[in-house]
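> below: sequence and its predicted model.
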Amino acid sequence: MTYVLQTHRLSKSFKGKESVSEVNMKVKQGEIYGFLGPNGAGKTTIMKMLTNLIKPTSGEIELFGEKLTPASYTMLGRIGSIIEYPIFYDKLTAQANLKLHCEYMGYYNKKAIGEALELVQLRGIDGKPVKDFSLGMKQRLGIARAIATKPELLILDEPINGLDPVGIKEIRNLLRILSQEYGISILVSSHLLAEIEQLADTIGVINHGRLIQEVSLEQIRETNAEYIEFQTNDCQKAAYVLTQHLNISNIRVIGNRSIRVYDLSIPLAQMNKALIMNDVALESIHQKNSSLEEYFIGLLNGGEQSA
Ligand SMILES: Nc1ncnc2c1ncn2[C@@H]1O[C@H](COP(=O)(O)OP(=O)(O)OP(=O)(O)O)[C@@H](O)[C@H]1O
């Protein structure tokens, strides 16, 4: 597995108070990694350390397989980022802002600026100073600036903050395109589960400065699937009735007294009736409805859980 980013026991204290504690995170090449955590959890502080804006108190950061040091300019040139709100020269146009940024980064390619603006769909902005841009346009310009230097990794701190639902959807689609069509690895933070859930391949859950879980969304979905569980003393017969009489294929026998049905398109009453009509004695019926939201709330309240 190739990781574009790894941290090893990364910690940061401000005035003796620890804001980030021993974080070990791993971002795979090409994936969208969603950093999820409530306000004040430590997301921005970690992202600032990853981009050399602040120095860790202890621990290490490895980018593209190499240790990050205060002198890692070349390595940082392979990253595009927006940390907190993107700040621009307000009186200058979008193009002028991107030109300055590219020059500062030692990357100047006029075509790349046009391409970046096109990619984020900022059009008809010639001659317009950035102070006349809406919040959504500024967020898109921030992303254009982050991608103008053709980075391999994007680090975006709450890029949808303050946007309306249409703006949020546009940014989400843009990040998907950058990931899928351009192969850019993306680390994106949010305090909104619904957003991260729709976007990320892997989620890192952070609370009180600690990474309490790092897990693929696919894995969470699998283990948190909804099902109905029947307890019976004749699992074999129950399985036969459900598969043969009701054509249900997605079932799992657990031990010798429980059977779980993951196909919830058939009403419970119908399953119940078929089992009873076929002389399957039921001891109990239990429906598990746990949602992803409950799963994360459980994590944030109770610490680590197995996915
Ligand atoms: N420069 C600083 N001086 C003192 N404390 C700080 C500083 N920067 C961050 N902190 C503290 O570190 C903790 C983590 O803050 P951080 O901004 O990283 O959280 P966050 O998860 O990004 O939340 P938010 O979404 O609200 O920005 C907070 O308790 C914050 O007060």
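Thanks, I have the structure now. Numbers count the residues shown, from 1 in each chain.
> tell me where the protein has helices.
43-50, 73-76, 94-104, 110-119, 135-148, 165-180, 193-199, 217-223, 235-240, 268-277, 292-302 (DSSP state H).
> ok, which of these comes nearest the ligand?
helix 43-50 (3.2 Å; Cβ to the nearest ligand atom). In short, each C-beta sits where N, CA and C put it, glycine included.
> state the mean pLDDT of that closest one.
Average pLDDT, helix 43-50: 96.
> does that helix come close to the ligand?
Yes. Using Cβ under 6 Å from any ligand atom, we find that helix 43-50 touches the ligand at K43, T44, T45.
> between those residues, which is nearest R260?
Closest approach to R260 among those (Cβ to Cβ): K43, at 36.4 Å.
> touching, that closest one and Y33? I think so.
No. Using Cβ atoms under 8 Å, K43 is not in contact with Y33; the gap is 11.8 Å.
> for the helices of the chain, give me a markdown table that also has mean neighbour count and distance to L156.
Output for the helices of the chain, formatted as a markdown table (neighbours: other Cβ atoms under 10 Å; distance: least, Cβ to Cβ, whole Å):
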| stretch | mean neighbour count | distance to L156 |
| --- | --- | --- |
| helix 43-50 | 23 | 8 |
| helix 73-76 | 14 | 15 |
| helix 94-104 | 18 | 16 |
| helix 110-119 | 16 | 14 |
| helix 135-148 | 22 | 7 |
| helix 165-180 | 16 | 8 |
| helix 193-199 | 18 | 11 |
| helix 217-223 | 14 | 18 |
| helix 235-240 | 17 | 48 |
| helix 268-277 | 14 | 43 |
| helix 292-302 | 14 | 20 |
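> can you lay out these as JSON lines showing distance to G255?
JSON lines is the format used below for those (distance: least, Cβ to Cβ, whole Å):
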{"stretch": "helix 43-50", "distance to G255": "42"}
{"stretch": "helix 73-76", "distance to G255": "52"}
{"stretch": "helix 94-104", "distance to G255": "61"}
{"stretch": "helix 110-119", "distance to G255": "53"}
{"stretch": "helix 135-148", "distance to G255": "51"}
{"stretch": "helix 165-180", "distance to G255": "41"}
{"stretch": "helix 193-199", "distance to G255": "32"}
{"stretch": "helix 217-223", "distance to G255": "18"}
{"stretch": "helix 235-240", "distance to G255": "8"}
{"stretch": "helix 268-277", "distance to G255": "18"}
{"stretch": "helix 292-302", "distance to G255": "24"}
